[in-house]
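# Sequence plus predicted model, see below.
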Amino acid sequence: MVKTSISTSYRAVDGWHVFVSDDLPGLYVASKDLCSAFHDVANSIQALLKLDEGIDCTVAPEVSLQDFLAVVRGGDADSGNTVPVARRFCVSGAHA
């Protein structure tokens, strides 16, 4: 079993909740619903690793949705719509 993690960056921009990753080029998840976007990241990482690298894996966030929401909601409302937050997603699976 191989384990690693992938870092993502989160930004709220003009009512959209966007996740991208420097660790995994091509990852871009956006939704008007924050909970949907957060949950879609793991599935998107899993799909990209399968399509691009032939790796079957399981992906899960390293923090709970509630913990993530607490960080996001703790942002400074007067600073505009953009609140940068980095999050990691745990990737585990067998070699390809």
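Sure thing, it's come through.
# Next, give phi and psi for the nearest residue to D22 once chain neighbours are set aside.
Among residues not flanking D22 along the chain, S7 sits closest, at 7.1 Å (C-beta to C-beta, 6 or more residues apart in numbering). C-beta coordinates here come from the backbone N, C-alpha and C atoms, glycine included. S7 adopts backbone torsions of phi -90, psi 140, taken as degrees, to the nearest 10.
# thinking S7 is in contact with S21, fair?
Yes: counting by C-beta atoms under 8 Å, S7 does reach S21; the two are 6.3 Å apart.
# got a list of what the most centrally placed residue in the chain touches?
In the chain, the centroid-proximal residue (C-alpha atoms, centre = their mean) is V41; its distance is 4.3 Å. With contacts defined as C-beta atoms under 8 Å, 6 or more residues apart in numbering, V41 is in contact with 8, 19, 27, 29, 61, 87, 89.
# What is the subsequent helix or strand relative to the helix or strand hosting it?
In the assignment (DSSP states H and E), V41 maps to helix 34-53. Next in sequence after helix 34-53, counting helices and strands by DSSP H and E, comes strand 57-61.
# helices and strands around that next one, which ones?
With contacts defined as 3 or more C-beta pairs under 8 Å, 6 or more residues apart in numbering; DSSP states H and E, the secondary structure elements packing on strand 57-61 are helix 34-53, strand 85-93.
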